[in-house]
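J.: sequence below, structure please.
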Amino acid sequence: MPIMRKALLWLGLGPDDAYEEYGTESWVNQGPLTSGEFVEARAAADNTGNVHQLRATDESSTSVRALPMEPSGTVRPLQPAVAVKPHTVSPASFNDAPELADRFMASQPVIVNLQGVDGKVARRIIDFASGLCYGKEGQMERVTSQVYLLTPSDVEVSAEDRRRLEDSGS
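T.: Numbers count the residues shown, from 1 in each chain. Predicted structure coming up:
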């Protein structure tokens with residue numbers, strides 16, 4: 001039975017009187033336990049079978065640790081979008097698809113002009129381009145019939161270039 005009681009206490013499922021010594025004022029506003037404090041609390045609970053207060057009451061261990069304000073290296077600031085002139089590709093066959101992929105992967109917007117291309121080949125190039133945009137987290141938008149604009153996520157096409165595309169259709 002003592003093993004079962006220890007397990008219940010460790011899980012926090014013991015009788016309510018075992019938790020009467022807990023007050024919300026001492027441990028609620030303190031940060032997470034350090035690894036040393038956790039080991040000490042676990043050892044104390046394992047040795048006595050009772051639940052003890054996890055934090056000591058002396059001034060040195062009750063100080064609240066502030067989170068560091070300097071960047072930790074895992075979160076990086078986003079770079080602002082850069083306006084770049086689009087590159088135009090007019091593929092004659094599916095073998096020309098790597099050219100548009102190379103430009104797009106180099107963070108350059110690509111205009112794909114499929115006018116005059118066979119319907120099946122055009123469909124394959126559109127599928128290829130949409131997969132490319134999805135993989136690079138970019139955008140693909142239809143400018144006019146058979147003309148598409150592929151824009152990488154970190155690039156912005158200027159309003160002037162957009163107007164020129166819509167007016168000329170290529």
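J.: show me where this structure has its helices.
T.: 2-11, 24-27, 35-48, 97-105, 119-136, 159-168 (DSSP state H).
J.: most tightly surrounded among those helices?
T.: helix 97-105 (a mean of 17; mean count of other Cβ atoms under 10 Å). The way it works is simple: take the backbone N, C-alpha and C, and place the C-beta from them, glycine included.
J.: same for it, what does it pack against?
T.: strand 87-89, strand 110-113, helix 119-136 (3 or more Cβ pairs under 8 Å, 6 or more residues apart in numbering; DSSP states H and E).
J.: related to what we said a few turns ago, need the helices of the chain in TSV with distance to residue 87, can you?
T.: Conversion of the helices of the chain to TSV gives the following (distance: least, Cβ to Cβ, whole Å):
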stretch	distance to residue 87
helix 2-11	62
helix 24-27	60
helix 35-48	54
helix 97-105	5
helix 119-136	13
helix 159-168	11
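J.: what's the least confident stretch among the ones you listed?
T.: Between the helices of the chain, the lowest average pLDDT goes to helix 24-27, which shows a mean of 50.
J.: from residue 165, how far out is residue 144?
T.: Distance, residue 144 to residue 165, using Cβ to Cβ, to the nearest Å: 8 Å.
J.: could you chop this structure up by domain?
T.: The chain breaks down into these domains under automatic domain parsing: 2-48, 82-168.
J.: against residue 127, how distant is residue 155?
T.: As for residue 155, its distance to residue 127 is 22 Å (criterion: Cβ to Cβ).
J.: same question but for residue 133, I mixed them up
T.: Relative to residue 127, and taking Cβ to Cβ, residue 133 is found at 11 Å.
J.: over to residue 96?
T.: 15 Å.
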